[in-house]
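1. below is the structure, and that's it, no one-letter string:
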């Protein structure tokens with residue numbers, strides 16, 4: 001629960017759709033950066049986008065002293081997609 005200006009509480013349900021939408025957009029752009037097939041479900045794309053946003057924010061904070069922006073979030077998502085793709089490729093060739 002979040003405490004409102006007047007001391008009342010309001011739910012956080014309004015935050016979740018925005019996080020899902022931004023995760024979907026950033027995850028989809030991260031998938032577009034990496035060439036080749038990236039068979040992922042929509043929830044996995046959202047998770048990749050949210051993870052990329054967190055990673056981009058962390059990198060931006062460490063390098064520039066402020067949170068990372070949209071470009072660092074997409075690059076973070078692309079890194080996560082590349083790591084997933086690499087682990088799936090390695091798993092297929094190991095057998």
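-> Nice, thanks for sending it over. Nothing here was measured: the structure is a model prediction, and the numbers come from that model. Numbers count the residues shown, from 1 in each chain.
2. who's in contact with the helix or strand hosting residue 28?
-> Per DSSP states H and E: residue 28 is located in helix 15-33. By C-beta atoms under 8 Å, 6 or more residues apart in numbering, the residues outside helix 15-33 that reach it are 38, 40, 42, 44-50, 52-53, 70, 73-81. Where C-beta positions appear, they are placed from N, C-alpha and C, glycine not excepted.
3. among those residues, which are in helices?
-> 42, 44-50, 52-53, 70, 73-81 (DSSP state H).
4. which residues does the most centrally placed residue in the chain contact?
-> By C-alpha atoms, centre = their mean, the chain has its centre lying nearest to residue 49, at 2.0 Å. Applying C-beta under 8 Å, 6+ apart, we find residue 49 in contact with 22-28, 30, 73, 77.
5. report the buried members of those.
-> Among these, the ones that count as buried by 16 or more other C-beta atoms under 10 Å are 22-28, 30, 73, 77.
6. quick check: residue 53 touching residue 73?
-> Yes. Using C-beta atoms under 8 Å, residue 53 is in contact with residue 73, at 4.3 Å.
7. the nearest residue to residue 49 once chain neighbours are set aside and residue 63, how far apart?
-> Among residues not flanking residue 49 along the chain, residue 27 sits closest, at 3.0 Å (C-beta to C-beta, 6 or more residues apart in numbering). Distance, residue 27 to residue 63, by C-beta to C-beta, to the nearest Å: 22 Å.
8. could I get the pLDDT score of the residue nearest to the centre of the chain?
-> Reported pLDDT at residue 49 in the predicted model: 95.
9. try residue 11
-> The predicted structure lists residue 11 with a pLDDT of 51.
10. ok, residue 14 next?
-> pLDDT, residue 14: 59.
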